[in-house]
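> got a sequence here, can you model it:
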Amino acid sequence: MTHKNLVGATILIADDEEANREILSELLQYEGYRTIEAADGLEALQLLQSQHVDLALLDVMMPGCTGFSVCRQAKADPATRLIPVVLVTGLNKSEDRIKGIDGGADDFLSKPVDRAELMARVRSLLRLKQFTDELESAETVLFSLAISIEAKDPYTVGHCDRLSVYAEAMGKHVGLTQEFQIALRRGGIVHDLGKVAIPEHILRKPGKLTPEERKLMEEHPVIGERICAPLKSFRNVLPIIRHHHEKLDGSGYPDGLKGNAIPLTARILSTVDIYDALTTDRPYRKAFTREQALVAMYEEVQRGWWDPDLIRELEVVLDGVEADLMRPDAGHGTLLTGKPS
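The predicted model follows:
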């Protein structure tokens, strides 16, 4: 990736000394970068949240909100956490560097700033940011493809978005880490991505599938896993995609896993998938009420299919989740950055 590809990137310079801001701006603009300036930490945070920023240079010793504080808050916010942050400092004590690292700083520059070192660090971090942006673009393509598959069937419109919300709420309620909550949110969207390879006449067939058609349909989790496998950021999503059609008694597909051999995240998605399918209109029946759906799911527990503990957990979270989905301003398309839904 050449320097030419990075020209035009926007760099935020935050320093309470105007002379320092001017020097850094001149150096960076000479190299073709766009700069915006903040005179204190609070202004820097506002610019990070309101404008497109590719990299931030933060003076450590700003009055009020220090560079340490700005960095820590930026890295804690899913909307800004992927923006590279360089702390510019005259402090040389190891504990100050450790404080910056703990706050999430990506790099440091010592005052007075050396021009060659400044440009080398800026180029390096902007390359990393570009790779991150490209990764997000690849994820966006997969999500768009998943939604387009869903949209082919009027009876499943909104299914992926609902599963995303249900699954994340379940993951949070049972105490999974944020990393796995995000995986569940993403899994809710892309779990059926492999259906892109299944002929539409099979996907939309109103009657019973033939054995050959059933065999082909049961390949979609494996196909979906294969499509998403190149994305390292999907490492926790892959088991959800592959195993969300497994059943506790081993009668599911594609691997016939039993009991706890089925990953918990896949069991969570299976639970909310069944619930949403039952409470949605289908060509062959009207939607069940919540109570009817839960009764039906507990009946299938007796057949050895589903995890009764997870159904009970679902009952607990349903009120809050369904109220959230009913909100007119509800928007849950925040899968890439990890923002809470």
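> what's the domain layout of the protein?
Domain segmentation of the chain under automatic domain parsing yields 3-132, 152-326.
> which residues does residue 202 contact?
Residue 202 sits next to 209, 213, 216-217 when contact means CB atoms under 8 Å, 6 or more residues apart in numbering. The way it works is simple: take the backbone N, C-alpha and C, and place the C-beta from them, glycine included.
> nearest to residue 141 among the domains of the chain would be which one?
Residue 141 sits nearest to domain 152-326 of all those, at 10.3 Å, using CB to CB.
> give me the distance from that closest one to the chain's centre.
Here the centre of domain 152-326 is set off from its chain's centre by 18 Å, with CA atoms, centre = their mean, to the nearest Å.
> buried residues in the longest helix belonging to the chain, which are they?
Longest helix in the chain by number of residues (criterion: DSSP state H): helix 115-151. Within helix 115-151, the residues scored as buried using 16 or more other CB atoms under 10 Å are 118-119, 121-123, 125-127, 129, 139, 142-143, 146-147, 149-150.
> separation between residue 9 and residue 111?
Separation of residue 9 from residue 111 (CB to CB, to the nearest Å): 23 Å.
> the more surrounded of those two?
Set residue 9 next to residue 111 and count neighbours by other CB atoms under 10 Å: residue 9 wins out with 22 against 14.
> show the contacting residues for that one.
By CB under 8 Å, 6+ apart, the residues touching residue 9 are 33-34, 54-55, 126, 129.
> for the closest residue to it other than its chain neighbours, report the pLDDT, please.
In this structure, residue 9 finds its nearest non-sequential neighbour in residue 54, 4.1 Å apart by CB to CB, 6 or more residues apart in numbering. On the pLDDT scale, residue 54 is placed at 93.
> next one: residue 195
At residue 195, the model reports a pLDDT of 89.
> what residues are up against the closest residue to it other than its chain neighbours?
Nearest non-adjacent residue to residue 195, counting by CB to CB, 6+ apart: residue 220, 4.9 Å away. Shown in contact with residue 220 (CB under 8 Å, 6+ apart): 192, 194-195, 197-198.
> quick one: mean pLDDT for the helix or strand hosting residue 311?
Using DSSP states H and E, residue 311 falls within helix 308-326. Helix 308-326 carries an average pLDDT of 84.
> alpha carbons of that helix, as PDB, please.
Output for helix 308-326, consisting of C-alpha atoms alone and laid out as PDB, is shown next (Å, rounded to 0.1, in the frame of the first residue of the first chain):
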ATOM      1  CA  PRO A 308     -34.900 -26.100  28.200                       C
ATOM      2  CA  ASP A 309     -32.600 -23.800  30.200                       C
ATOM      3  CA  LEU A 310     -32.200 -21.500  27.200                       C
ATOM      4  CA  ILE A 311     -35.900 -21.400  26.600                       C
ATOM      5  CA  ARG A 312     -36.400 -20.300  30.200                       C
ATOM      6  CA  GLU A 313     -33.700 -17.600  29.600                       C
ATOM      7  CA  LEU A 314     -35.500 -16.500  26.500                       C
ATOM      8  CA  GLU A 315     -38.700 -16.000  28.400                       C
ATOM      9  CA  VAL A 316     -36.900 -13.700  30.800                       C
ATOM     10  CA  VAL A 317     -35.600 -11.400  28.100                       C
ATOM     11  CA  LEU A 318     -38.600 -11.400  25.700                       C
ATOM     12  CA  ASP A 319     -40.400  -8.400  27.300                       C
ATOM     13  CA  GLY A 320     -37.400  -6.000  26.900                       C
ATOM     14  CA  VAL A 321     -36.400  -7.300  23.500                       C
ATOM     15  CA  GLU A 322     -39.800  -7.200  21.900                       C
ATOM     16  CA  ALA A 323     -40.400  -3.700  23.300                       C
ATOM     17  CA  ASP A 324     -37.100  -2.700  21.700                       C
ATOM     18  CA  LEU A 325     -38.100  -4.100  18.300                       C
ATOM     19  CA  MET A 326     -41.400  -2.300  18.400                       C
END
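> alright, calling it a day.
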